[in-house]
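Q: Next one to model:
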Amino acid sequence: MMQEKIIAMLRANARMSTADIAAGLNISETEVIAEVTAMEKSGVIRGYTAIVADDAPGADKRVKALIEVKVTPNRDGGFDRVARRIAKFPEVTDLSLLSGSYDLQLTVEGESLQQVANFVAAKLATIEGVISTSTCFQLKKYKESGIIMQSDEEYERLKVCF
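A: Next up is the predicted model:
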């Protein structure tokens, strides 16, 4: 139960101090440090990240694509064998098993549209078990991890007065 509460607090703010977590849960900071350390070592917590505005200095300007993949499931490992193979490519940043018309969805990053297209044609489509792919390039991000990327003020229309 305590781990769940700590995880919820870190999901809301990964930079929250152990002192603030301890105060919020009415436990000692030593207990929080021990729990977080244990979760990191066991792999429950796998990393921390910052959500950065696309137009910020130093922001990642790489091309991003969402790719849906149809797969023939392997008799022994279902979709896992193909998914593990795809996950090893450094271009792949996210990979999920889906329900619906496609089996896997991955996010791929590259320096250019051509680089992503080459990844799909030369690496992804040639994997045994991959039946077909559908690629959509990300044009603009409106929301990431629950955070709205632009404020409403940026989209306010000019008022027309007569």
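Q: so where does Thr37 fall, helix or strand?
A: Element membership for Thr37 (DSSP states H and E) is helix 29-42.
Q: In contact with Gly110: list those residues for me.
A: Contacts for Gly110 were tallied using C-beta atoms under 8 Å, 6 or more residues apart in numbering; they are Arg62, Val63, Ala65, Glu91, Val116, Phe119. In short, each C-beta sits where N, CA and C put it, glycine included.
Q: I would like the residues contacting the helix holding Thr37, please.
A: Applying C-beta under 8 Å, 6+ apart, the contact partners of helix 29-42 are Met2, Gln3, Ile6, Ile7, Leu10, Thr18, Ala19, Ile21, Ala22, Leu25, Ile45.
Q: For these, pick the one with the most neighbours.
A: Ile6 (24 neighbours; other C-beta atoms under 10 Å).
Q: count of residues packed around Leu97?
A: Considering only other C-beta under 10 Å, Leu97 is surrounded by 13 other residues.
Q: thought it was touching Ile86?
A: No - with contacts defined as C-beta atoms under 8 Å, Leu97 does not count as touching Ile86, sitting 11.1 Å away.
Q: what touches both of the two?
A: Contacts common to Leu97 and Ile86, judged by C-beta under 8 Å, 6+ apart, are Leu104.
Q: Assign a three-state SS to Asp60, would you?
A: coil (DSSP: H, G, I helix; E, B strand; the rest coil).
Q: okay, it: pLDDT?
A: For Asp60, the pLDDT comes out at 76.
Q: The protein: strands as residue ranges?
A: In the chain, the strands defined using DSSP state E lie at 63-71, 92-97, 104-110, 130-137, 143-144, 147-148.
Q: Parallel or antiparallel, which strands does the second one pair with?
A: Meaning strand 92-97. In the sheet, strand 92-97 lines up against strand 104-110 (antiparallel) (DSSP bridges).
Q: can you pull the buried residues of the partner strand?
A: Neighbour-count burial for strand 104-110 flags Leu104, Gln105, Leu106, Val108, Glu109, Gly110 (criterion: 16 or more other C-beta atoms under 10 Å).
Q: Can I get the strands of the chain in TSV including distance to Val36 and mean pLDDT?
A: Shown next, in TSV, are the strands of the chain (distance: least, C-beta to C-beta, whole Å; pLDDT from 0 to 100):
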stretch	distance to Val36	mean pLDDT
strand 63-71	30	96
strand 92-97	24	96
strand 104-110	27	96
strand 130-137	37	96
strand 143-144	24	88
strand 147-148	22	88
